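>>> I would like the atomic coordinates for the input below:
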Amino acid sequence: MCTSDEESLFEAGPGPRHPQTSQQTTPANATSKPPKHAKAKPVPEDDKQPAAEIKFQGSASIPLTGANIRHALTYAALFLNERKERFKILMLNPEAEILRQKSMVKRAQRLVFFGADSDGATAKSIALAMEYAQSNTGVPLVEVWLNKAALECFSEEHIKYLKAVSEHNNDIVFTAPGLQVVAVPLSYTFVDCACRLETEDEKAHDFEHAVDMLDAIVEKLNGKPVLVRNIEKWCTEFGKQMPSDRILGRVNGRYEDVRHRKGIYL
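Numbering: from 1, shown residues only. So this is what the prediction gives:
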């Protein structure tokens, strides 16, 4: 297991726990200005390609694009920073890649952050920060923040290991005073999606996400294809069943169609 000498994940700094937050809700189409000392900026509308809509309190919808998520997280960080609290949390892919790219086109259907006890002071502080961010931006973080349903299949030991690996990699996709978001390894998401393909556990977007994660991994390898032995290593590391050659061939075939280069050495 990887270890790190960094400050422990999810450790809160000193400060009052429950300040009063603004109860005013901004219409979902609007962006409100943060205090002068904040650096948040309204996110422009994307006129070129509409994104999938996610409803917010029955009003007009705001898509979970990378730019919109980042805009809202800036407010969450501002809230925590003013309380003199500091948190580092983990975010699953492929949503973390959408956030990293700051895209106004690509969108997430859900956000999965974890690392805090849902009944602890950390989770309560983060929940208040998300409410503050949503009320100021209309971006629907409250409905998707700390999505526990996606983590039900994870054992406590599994989550602890993912925390350790992610902390060691320290792949930061968002940082601001008060809040830092670190991505779970791309390799984990790739094998997690690939090993479910053609099984009863396959999810609607597993094939698409496997191809997207393969692309992100190849980019990090400067365009070099992934070796099968590395995929085997990842499966062992994360306790996943190794996908068959046929499934890897399907993923690689789609990747070649899209990117016009090999993604996996088969």
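>>> contacts, neighbours, all on C-alpha from now
Will do.
>>> residue ranges with poor pLDDT in the protein?
In the predicted model, the chain carries pLDDT under 70 at residues 1-60, 103-105, 109-110, 115-119, 143-155.
>>> go again with 50.
Filtered on pLDDT under 50, the chain yields the residue ranges 1-33, 35-60.
>>> how about the strands in it?
Remark: strands assigned in the chain by DSSP state E are 87-91, 113-114, 172-176, 179-183, 226-227, 264-265.
>>> as JSON lines, the ones you listed with mean neighbour count would be great.
Converted to JSON lines, the strands of the chain look like this (neighbours: other CA atoms under 10 Å):
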{"stretch": "strand 87-91", "mean neighbour count": "23"}
{"stretch": "strand 113-114", "mean neighbour count": "23"}
{"stretch": "strand 172-176", "mean neighbour count": "18"}
{"stretch": "strand 179-183", "mean neighbour count": "22"}
{"stretch": "strand 226-227", "mean neighbour count": "16"}
{"stretch": "strand 264-265", "mean neighbour count": "16"}
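>>> output those strands in JSON lines; the columns should cover distance to S125.
As requested, the strands of the chain are exported to JSON lines (distance: least, CA to CA, whole Å):
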{"stretch": "strand 87-91", "distance to S125": "10"}
{"stretch": "strand 113-114", "distance to S125": "14"}
{"stretch": "strand 172-176", "distance to S125": "16"}
{"stretch": "strand 179-183", "distance to S125": "11"}
{"stretch": "strand 226-227", "distance to S125": "40"}
{"stretch": "strand 264-265", "distance to S125": "43"}
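>>> quick check: closest non-adjacent residue to E232.
Of all residues not flanking E232 in the chain, M242 sits nearest, at 6.1 Å (CA to CA, 6 or more residues apart in numbering).
>>> which ones are touching that neighbour?
For M242, the contacting residues are V191, C195, I231, E232, C235, by CA atoms under 8 Å, 6 or more residues apart in numbering.
>>> repeat that for 10 Å
Neighbouring residues of M242 by CA atoms under 10 Å, 6 or more residues apart in numbering: 191-192, 194-196, 228, 231-236, 248.
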